[in-house]
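Undergrad: Predicted structure and sequence below. I'll ask about it afterward.
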2 protein chains.
Amino acid sequence: MGPKTASGNLLERRAGVALWRQIADRIRQAINIGEFGDSGMMPPEMQLAERFGVNRHTVRSALAALASEGLVQAVQGRGTMILRRDRLSYPIGKRTRFSEGLQGQAERIAFQCLGHGRTVAGAEIAEALDIPPGTECITLETLGGADGIPLSRASHVFPGPDFAAIPAHFERFGSITRALAEVGIADYTRLSTDVIARHALPDEVAELKLSPGAILLETVAVNADGEGRRIQYSRTRFAADRIKLRIES
Amino acid sequence: MGPKTASGNLLERRAGVALWRQIADRIRQAINIGEFGDSGMMPPEMQLAERFGVNRHTVRSALAALASEGLVQAVQGRGTMILRRDRLSYPIGKRTRFSEGLQGQAERIAFQCLGHGRTVAGAEIAEALDIPPGTECITLETLGGADGIPLSRASHVFPGPDFAAIPAHFERFGSITRALAEVGIADYTRLSTDVIARHALPDEVAELKLSPGAILLETVAVNADGEGRRIQYSRTRFAADRIKLRIES
DNA sequence: CGCAATTTGTTCGTATGTATT
DNA sequence: GAATACATACGAACAAATTGC
């Protein structure tokens, strides 16, 4: 058998890293984004072997490594249990970038636009963005996820018609930072972030593919450009069992 | 009735602020820490009048102010509903002080010691505090609350026997900042804070007086002294329906 | 209870790539 | 370069434990 270079398969033999290590990493990521569900059980070794296109022994080596980390535990005849799940870590700070927070912790991180429109600013948004109540604003609804697992559902508000092109840019680049750059905002910083936790509403359960009664981490963030002008108000709902927030002072 | 100067009663006539404003502030605080329960209803106006030692009309003025804020809504014959509850805001940043975060948002904020002892550092704490696993550490268990309503339940770990006097100092002053000062640490900064949300365990429900199935905001924080030495590892569980975290960058 | 199906655990054998001597 | 040792990967077969019927 020659080396696998088939498109779509990220595994590479003779890449300097043993196959079972690569597979251990991918299984770890898959566990952390909740790809194996809430049952707490891994798929059988044979299924994993098929999925990754390797021998069962190779999968077993990977699982043994994860077991020694305390991440999973195998029981003969029953299967392999998931013991611990390190949530993906979403960093929050002055330089928080909505679309970049999860890079490197999972494969295929993607953001999509669920819709966009216009509203007039209510009291809360007007105060946060430092604009008169009633000002017309641009709205953008987004969904973020990794490997097809939804992680975050955000509602963004931008003050005034200067930002009317944001949704189109976002749809094209999948990045708010990039979309802001396209309308002339090269840099911005986060002023504040409020964090609450609450139960998910029925439509949030549907959008984020949660189980009923699931918990959300909801953040309300305000960003400002280099001159201190408020440019963005975002309310993001994270699936609390898949994400943790990390604040580095 | 003369001016009230009785100890324990914070209301003061002729203090430059109208009585009904002072009462409105206190009711707002009481609502926000959940003092009126989850029923969503305020006590009758007569009860409130009695509690604050004022005429029912004064309470009505206060409630009218709160109604115009959208915080409550009175319905003739039914009572006064609580519409919105602004959680207490717990600030997190480089200068976060455990015992000072809630000052000014509620009356009678207090921290008590639930217990203390020694442990040996496991892998996670050893890494966080930058000490060898197995090092003996000082532990401190605390409960924080406002007006008798529990708000936070924290477990603190201090590296090594240098901190053995911390629990005694905390019991005396009710402040970790002060206790650290007593052992020679005049200043410290917060290095990082992790935030997750999860369901409360049965004993946490009991300790924080929550309803079953309630949600916790759990923070894991690491503090360091001026020279960067890690001096404190704290895991704090906040009642999520009473607290929000605020991160100012 | 027994029985079959499923799943992990173990032991052979074989082949190949990598690092050391 | 050759010999050696070691880690990696695949294949087949069987043993042992668990689960559902």
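TA: That came through fine.

Undergrad: In chain A, where is pLDDT below threshold?
TA: Counting by pLDDT under 70, chain A has low-confidence residues at A:1-15.

Undergrad: Where do the domain boundaries of it fall?
TA: Domain ranges of chain A: A:19-82, A:88-247, per automatic domain parsing.

Undergrad: Is it possible to get CSV of the ones you listed that adds mean neighbour count and distance to DNA strand C?
TA: From N, CA and C alone the C-beta is placed, and that goes for glycine too. Shown next, in CSV, are the domains of chain A (neighbours: other CB atoms under 10 Å in any protein chain shown; distance: least, CB to the nearest atom of the strand, whole Å):
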stretch, mean neighbour count, distance to DNA strand C
domain A:19-82, 17, 3
domain A:88-247, 18, 21
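
Undergrad: Just the terminal-to-terminal distance for stretch A:163-180.
TA: For stretch A:163-180, the first-to-last residue distance is 8 Å (CA to CA, to the nearest Å).

Undergrad: How far off centre is it?
TA: 18 Å (CA atoms, centre = their mean, to the nearest Å).

Undergrad: Please apply the same query to stretch A:37-52.
TA: The chain centroid and the centroid of stretch A:37-52 are separated by 22 Å under CA atoms, centre = their mean.

Undergrad: For it, output the C-alpha coordinates as CSV.
TA: Extracted as CSV, the C-alpha positions of stretch A:37-52 are listed here (Å, rounded to 0.1, in the frame of the first residue of the first chain):
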residue,chain,number,x,y,z
GLY,A,37,-23.1,12.9,21.3
ASP,A,38,-24.0,13.0,24.9
SER,A,39,-24.2,9.2,25.3
GLY,A,40,-20.7,9.2,26.8
MET,A,41,-19.7,6.2,24.6
MET,A,42,-17.2,6.1,21.7
PRO,A,43,-18.1,4.2,18.5
PRO,A,44,-16.6,0.7,18.3
GLU,A,45,-13.0,0.4,17.4
MET,A,46,-13.9,-1.2,14.0
GLN,A,47,-16.1,1.8,13.1
LEU,A,48,-13.3,4.2,14.0
ALA,A,49,-10.8,2.1,12.0
GLU,A,50,-13.1,2.3,9.0
ARG,A,51,-13.7,6.0,9.4
PHE,A,52,-10.0,6.8,9.5
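
Undergrad: what's in contact with it?
TA: Here stretch A:37-52 makes contact (CB atoms under 8 Å, 6 or more residues apart in numbering or on different chains) with A:11, A:23, A:26-27, A:31, A:36, A:55-56, A:58-60, A:63, A:72, A:79-82, A:211, A:241.

Undergrad: and the host helix or strand of residue A:172, what does it pack onto?
TA: Using DSSP states H and E, residue A:172 sits within helix A:166-173. Where contact means 3 or more CB pairs under 8 Å, 6 or more residues apart in numbering or on different chains; DSSP states H and E, helix A:166-173 is packed against strand A:109-120, strand A:136-146, helix A:176-182.

Undergrad: what about 10 Å?
TA: Helices and strands touching helix A:166-173, as assessed by 3 or more CB pairs under 10 Å, 6 or more residues apart in numbering or on different chains; DSSP states H and E, comprise strand A:109-120, strand A:136-146, strand A:149-159, helix A:176-182.

Undergrad: Walk me through which strands the second one pairs with, and which way each runs.
TA: It refers to strand A:136-146. Here strand A:136-146 is paired, per DSSP bridges, with strand A:109-120 (antiparallel), strand A:149-159 (antiparallel).

Undergrad: related to what we said a few turns ago, out of the contacts of stretch A:37-52, name the ones that lie in strands.
TA: Counting by DSSP state E, these place A:72, A:79-82 in strands.

Undergrad: Give me the distance between residue A:244 and residue B:198.
TA: For residue A:244, the distance to residue B:198 (CB to CB, to the nearest Å) stands at 10 Å.

Undergrad: Need the residues touching each of these two.
TA: Between them, residue A:244 and residue B:198 have A:87, B:218 as joint contacts when contacts are counted by CB atoms under 10 Å, 6 or more residues apart in numbering or on different chains.

Undergrad: And stretch A:221-231, how far out from the chain middle?
TA: Its chain's C-alpha centre and that of stretch A:221-231 lie 23 Å apart, by CA atoms, centre = their mean.

Undergrad: For stretch A:195-215, list the C-alpha coordinates in CSV.
TA: Once non-C-alpha atoms are left out, stretch A:195-215 reads as follows in CSV (Å, rounded to 0.1, in the frame of the first residue of the first chain):
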residue,chain,number,x,y,z
VAL,A,195,-21.4,36.9,30.5
ILE,A,196,-24.5,35.2,31.8
ALA,A,197,-25.6,31.6,31.8
ARG,A,198,-29.2,30.5,31.2
HIS,A,199,-31.3,27.7,29.8
ALA,A,200,-31.7,27.6,26.0
LEU,A,201,-35.0,28.6,24.5
PRO,A,202,-36.7,26.1,22.1
ASP,A,203,-35.5,27.8,18.9
GLU,A,204,-32.0,28.0,20.3
VAL,A,205,-32.1,24.3,21.0
ALA,A,206,-33.0,23.7,17.4
GLU,A,207,-30.5,26.1,15.9
LEU,A,208,-27.5,24.9,18.0
LYS,A,209,-28.7,21.2,17.8
LEU,A,210,-28.7,20.9,21.6
SER,A,211,-30.6,18.5,23.8
PRO,A,212,-33.7,20.0,25.6
GLY,A,213,-32.8,21.8,28.8
ALA,A,214,-29.3,22.5,27.6
ILE,A,215,-27.4,25.5,29.0
